[in-house]
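>>> sharing a model prediction with you, sequence too.
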Amino acid sequence: MYYLPRMKVNIEEKFSLFTDQWSPKIIAELNGQQLKLAKIQGDFVWHDHANEDELFLVYRGTLFLDFRDGSTVSLEPGECYVVPKGVEHRPRTKDGEEVWLMLMEPAETKHTGDVKSELTVEVCERI
């Protein structure tokens with residue numbers, strides 16, 4: 001008989017474990033997907049994920065997702081948005097505001113797609 005341990009995850013507690021920004025932390029995995037938390041502030045790099053959709057769920061603050069067609073999606077706490085694979089986007093925040101968010105994406109998704117920058121995280125930490 002296979003036993004699957006059940007672990008309760010306290011999101012607020014997980015957010016309290018880190019202060020670095022733009023460095024997603026893995027808190028759970030399911031069906032090849034990773035659930036990650038991140039704290040962000042300012043502008044990220046323009047990038048896409050050629051083969052994976054990416055879900056953004058805002059926990060605290062206001063997140064803006066800019067798109068190359070000039071449109072922007074604004075997300076408040078409790079709101080989510082799925083960026084389809086292949087769509088170039090740039091997450092950003094209001095000046096001086098730190099945003100806490102949850103990401104859900106396939107485990108093989110690279111943090112900044114194929115773009116390399118000082119914000120690129122090669123391997124996400126598990127917390």
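Received, thanks.
>>> please make it C-alpha for all contacts and neighbour counts, starting now.
Noted.
>>> so which residues make contact with stretch 15-35?
9, 14, 36-41, 44, 100, 102-107, 119, 121, 124-127 (CA atoms under 8 Å, 6 or more residues apart in numbering).
>>> got a ChimeraX select line for the buried ones in the residues you listed?
Buried residues among the contacts of stretch 15-35 (16 or more other CA atoms under 10 Å), as a ChimeraX selection:
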select :36,37,38,39,40,41,44,100,102,103,104,105,106,107
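>>> go ahead and flag the most central residue of this protein.
In the chain, the residue lying closest to the centroid (CA atoms, centre = their mean) is residue 103, at 3.5 Å.
>>> so it versus residue 70, what's the distance?
23 Å (CA to CA, to the nearest Å).
>>> hmm, which helix or strand of the chain has the shakiest average pLDDT?
Lowest on mean pLDDT, DSSP states H and E among the helices and strands of the chain sits strand 125-126, with a mean of 80.
>>> pairing partners for that strand, with directions?
strand 25-30 (parallel) (DSSP bridges).
>>> helix or strand next in line after the strand it pairs with, which one?
Scanning forward in sequence from strand 25-30 by DSSP states H and E, the next helix or strand is strand 33-40.
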